[in-house]
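A.B. asks: No sequence on hand, only this structure:
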């Protein structure tokens with residue numbers, strides 16, 4: 001088994017002090033019928049199956065789950081956190097051993113783009129470069145010179161933002177990315193499909209047609225059907241810069257692919273140890289370690305620099321005009337837009353196969369994945385229909 005330090009680094013810094021919810025694949029020896037996924041509660045006493053109370057995390061969040069009201073002695077103990085995380089990190093995963101999954105199941109998976117000014121400018125650069133990484137540096141210099149102001153101080157939708165828009169249009173520098181970056185309406189798109197996200201320890205996919213791409217370390221909000229933000233976790237909104245850079249209409253091609261959405265390790269619910277202000281003040285780190293070239297990249301995304309409040313992003317996503325009866329996971333965007341040169345060719349950073357990506361934050365733990373081509377990751381076969389059949393076979397649908 002991996003050492004304790006290796007295993008515990010996936011937990012928040014205060015370990016089991018907060019309320020940690022996850023999902024785990026449970027073998028038939030534990031379920032008593034057939035293997036399948038279950039919501040689980042993780043604490044110092046172990047990992048406990050909650051499916052007898054709430055068969056999905058969507059239902060659990062819609063009923064305002066409270067760990068204090070959940071007596072673990074009445075739940076099935078799946079095993080220790082250490083043993084199950086060991087199974088999660090050691091490939092190949094086996095359906096006969098319990099292991100952690102993405103903490104979301106049937107919820108919609110949405111994402112907000114261009115919520116940080118630094119990454120907003122990088123989207124403009126991608127667009128101007130037409131997906132050609134070799135042109136990025138020259139365009140970056142031109143835009144920074146042309147703007148001539150600190151856009152990080154501009155509040156989206158404000159009078160100052162409208163004034164800046166007029167200046168940029170006059171300079172020939174306006175872009176659709178600037179519209180959602182400093183305009184009144186956030187960019188909100190569908191990142192992935194319900195039940196399709198992968199969790200920590202899983203392979204994460206990029207398309208083989210992409211030669212300019214990067215991880216996107218983000219905080220992901222757990223939102224219920226009533227629109228209440230109940231907690232948060234970490235996510236990797238894998239970004240294919242060359243694909244989206246060719247045309248914003250290729251966003252779906254760039255974002256929604258097999259194993260291209262990683263979320264986890266666990267949802268930390270709000271309680272007296274964790275609040276919305278902890279999200280607003282969070283620092284999200286990312287580390288990329290190359291398997292072949294030994295390349296290392298370390299950076300961070302500081303949530304204090306986000307241009308729209310996270311509750312505003314949530315409110316623009318779920319409201320009287322758009323309901324999500326199963327709730328949703330909402331990626332909140334990232335400051336991270338790597339320009340560190342990997343190959344000495346002026347093209348900046350891009351992934352190589354085998355890269356190990358670790359995204360971490362003090363109160364949310366760590367999410368780790370290894371990069372492969374999408375077609376080489378396990379195919380997405382366990383969808384909503386399969387989940388419903390599975391829950392029915394296990395006698396969990398009431």
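C.D. replies: Happy to help now that I have it. All figures in this text were calculated on a predicted structure; none of them were measured in a lab.
A.B. asks: Identify the structural domains in the protein and state their residue ranges.
C.D. replies: Following the assignment in automatic domain parsing, the chain carries domains at 4-104+386-393, 108-115+187-379, 117-182.
A.B. asks: got the residue ranges for the helices in the stretch 1-150 of the chain?
C.D. replies: For the stretch 1-150 of the chain, the helices defined by DSSP state H, counting those that start in this stretch occupy 4-8, 28-31, 57-62, 81-89, 117-129, 136-147.
A.B. asks: still on that earlier bit, check the domains of the chain for me and report the most buried one.
C.D. replies: Across these, averaging neighbours per residue (mean count of other CB atoms under 10 Å) puts domain 108-115+187-379 on top, at a mean of 20. C-beta here means a position set from N, CA and C on the backbone, and glycine is covered the same way.
A.B. asks: pLDDT on that one, on average?
C.D. replies: Averaged across domain 108-115+187-379, the pLDDT comes to 94.
A.B. asks: can you tell me the distance between the two ends of it?
C.D. replies: End-to-end distance for domain 108-115+187-379: 19 Å, by CA to CA, to the nearest Å.
A.B. asks: Can you say which helix or strand has residue 166 in it?
C.D. replies: helix 159-170 (DSSP states H and E).
A.B. asks: list the helices and strands the helix or strand just after that helix packs on?
C.D. replies: As assigned by DSSP H and E, the chain's next helix or strand after helix 159-170 is helix 176-182. On a contact count with 3 or more CB pairs under 8 Å, 6 or more residues apart in numbering; DSSP states H and E, helix 176-182 meets helix 117-129, helix 159-170.
A.B. asks: Check those helices for me: which has the lowest mean pLDDT.
C.D. replies: Across those, helix 117-129 has the smallest mean pLDDT, namely a mean of 68.
A.B. asks: correct me, but residue 19 touches residue 232?
C.D. replies: No. If you go by CB atoms under 8 Å, residue 19 and residue 232 don't touch, sitting 11.8 Å apart.
A.B. asks: Between these two, which contacts overlap?
C.D. replies: Listed contacts common to residue 19 and residue 232 are residue 268; contacts here mean CB atoms under 8 Å, 6 or more residues apart in numbering.
A.B. asks: Run through the strands of the stretch 151-300 of the chain in chain order.
C.D. replies: Taking DSSP state E, counting those that start in this stretch, the strands of the stretch 151-300 of the chain run over residues 187-192, 203-206, 213-214, 217-223, 229-237, 239-240, 261-269, 283-289, 296-302.
A.B. asks: now those in CSV, with distance to residue 255?
C.D. replies: Output for the strands of the stretch 151-300 of the chain, formatted as CSV (distance: least, CB to CB, whole Å):
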stretch, distance to residue 255
strand 187-192, 6
strand 203-206, 11
strand 213-214, 11
strand 217-223, 13
strand 229-237, 7
strand 239-240, 8
strand 261-269, 8
strand 283-289, 18
strand 296-302, 18
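A.B. asks: Among those, which comes closest to residue 374?
C.D. replies: In terms of CB to CB, the element of these nearest to residue 374 is strand 203-206, at 3.5 Å.
A.B. asks: What pairs with that closest one, parallel or antiparallel?
C.D. replies: Strand 203-206 pairs in its sheet with strand 365-373 (parallel), by DSSP bridges.
A.B. asks: Compute the inter-axis angle for the strand it pairs with and strand 217-223.
C.D. replies: On the basis of axes from the mean of the first three to the mean of the last three CA atoms, to 10 degrees, strand 365-373 is oriented at 110 degrees to strand 217-223.
A.B. asks: any idea how far strand 365-373 is from the chain center?
C.D. replies: Distance of strand 365-373 from the chain centroid (CA atoms, centre = their mean, to the nearest Å) equals 11 Å.
A.B. asks: What of stretch 54-63?
C.D. replies: On the basis of CA atoms, centre = their mean, stretch 54-63 sits 20 Å off its chain's mean C-alpha point.
A.B. asks: How far does that stretch stretch from one end to the other?
C.D. replies: 9 Å.
A.B. asks: what sits up against it?
C.D. replies: With contacts defined as CB under 8 Å, 6+ apart, stretch 54-63 is touched by 21, 23, 38-39, 50, 53, 65, 103-107, 222-226, 230, 267, 326-327, 387, 391, 396-397.
A.B. asks: one more time with 7 Å, if that's ok
C.D. replies: 21, 23, 39, 50, 65, 103-107, 222, 224-225, 230, 326-327, 391, 396-397 (CB atoms under 7 Å, 6 or more residues apart in numbering).
A.B. asks: Please apply the same query to stretch 214-223.
C.D. replies: Taking contacts as CB under 7 Å, 6+ apart, the residues outside stretch 214-223 that touch it are 61, 229-239, 241, 263, 267, 279, 282, 284, 286, 288, 301, 303, 310, 314, 318, 327-334, 336, 338, 349-351, 357, 359.
A.B. asks: Let me see the contact set for the spatially most central residue of the chain.
C.D. replies: Nearest residue to the geometric centre of the chain (CA atoms, centre = their mean): residue 235, 1.8 Å. Residues counted as contacts of residue 235 (CB under 7 Å, 6+ apart) are 218, 220, 262, 263, 331.
A.B. asks: so what's residue 8 closest to, chain neighbours aside?
C.D. replies: Distances taken as CB to CB, 6 or more residues apart in numbering place residue 15 nearest to residue 8, at 6.9 Å, with adjacent residues excluded.
A.B. asks: before we move on, the earlier item: looking at the strands of the stretch 151-300 of the chain, which is closest to residue 133?
C.D. replies: Closest among those, using CB to CB: strand 213-214, at 9.7 Å.
A.B. asks: Check which strands are paired with the closest one and give the direction for each one.
C.D. replies: Strand pairing (DSSP bridges) places strand 213-214 next to strand 239-240 (antiparallel).
A.B. asks: Just give me how far the strand it pairs with sits from the chain centre.
C.D. replies: On CA atoms, centre = their mean, the centre of strand 239-240 falls 13 Å from that of its chain.
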